[in-house]
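Student: for reference, the sequence and a predicted model appear below.
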Amino acid sequence: MDRSTSEKTYWRCIKYSPNRCHSRLRTCVLTHNILKQPTEHICRVDGTTLQLRKFDEKVAHRAMNTQEIPDTIVTNCYKDLPDPSIARLTVRDNIKRRIRIFRQKNQLVKEPNDPNSHLFP
């Protein structure tokens, strides 16, 4: 979101700073309907970038909502990615470290996923 008034919300491209893309969109605050269609993008977003973003969201979701070890989370999230996306990922150890840091910051006590589990938070 770029800015908001009492009637409209102005959205800008997420590539505004790095690529200077000036594409904008206006939506209604009350109904969330699009008031003005987005202008043309000058930035280039490829499918790999979108898949990497989905991978990051999936890793964060699993880190918060499961008690799987980081290695299992990364392995399960790798399964859906094509080879070009896997090639652009950071090193596996860095992804696992990010999962551990994410869990430490939230410090939520979760119930075990398996009722027969002997590991208690």
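Tutor: Yep, that arrived.
Student: from H41, how far out is C13?
Tutor: 6 Å (CB to CB, to the nearest Å). Heads up, the C-betas are built off the backbone N, CA and C, glycines and all.
Student: cool, and Q104?
Tutor: 37 Å.
Student: domains in this structure, by residue range?
Tutor: In terms of domains, the chain is parsed into 3-36, 47-106 (source: automatic domain parsing).
Student: turn these into CSV, including mean neighbour count.
Tutor: Shown next, in CSV, are those (neighbours: other CB atoms under 10 Å):
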stretch, mean neighbour count
domain 3-36, 13
domain 47-106, 14
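Student: hey, least reliable of these by pLDDT?
Tutor: Ranked by mean pLDDT, those end with domain 3-36 at the bottom, a mean of 85.
Student: any idea how far apart the tips of that one sit?
Tutor: 15 Å (CA to CA, to the nearest Å).
Student: does R97 sit in a helix or strand, and which one?
Tutor: For R97, the host element (DSSP states H and E) is helix 92-106.
Student: let me fix that: N76
Tutor: helix 70-78.
Student: by contact count, what packs against the helix or strand following that helix?
Tutor: Using DSSP H and E, the helix or strand that follows helix 70-78 in sequence is helix 83-88. Using 3 or more CB pairs under 8 Å, 6 or more residues apart in numbering; DSSP states H and E as the contact test, the elements touching helix 83-88 are helix 47-65.
Student: the helix it packs on - contacts with which helices or strands?
Tutor: helix 70-78, helix 83-88, helix 92-106.
Student: list the contacts for the nearest residue to R100 once chain neighbours are set aside?
Tutor: Nearest residue to R100, sequence neighbours excluded (CB to CB, 6 or more residues apart in numbering): P70, at 6.2 Å. Shown in contact with P70 (CB atoms under 8 Å, 6 or more residues apart in numbering): 63, 95-96, 99-100.
Student: turn those into a markdown table, including distance to S85.
Tutor: As requested, the contacts of P70 are exported to a markdown table (distance: CB to CB, whole Å):
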| residue | distance to S85 |
| --- | --- |
| A63 | 19 |
| I95 | 13 |
| K96 | 18 |
| I99 | 18 |
| R100 | 23 |
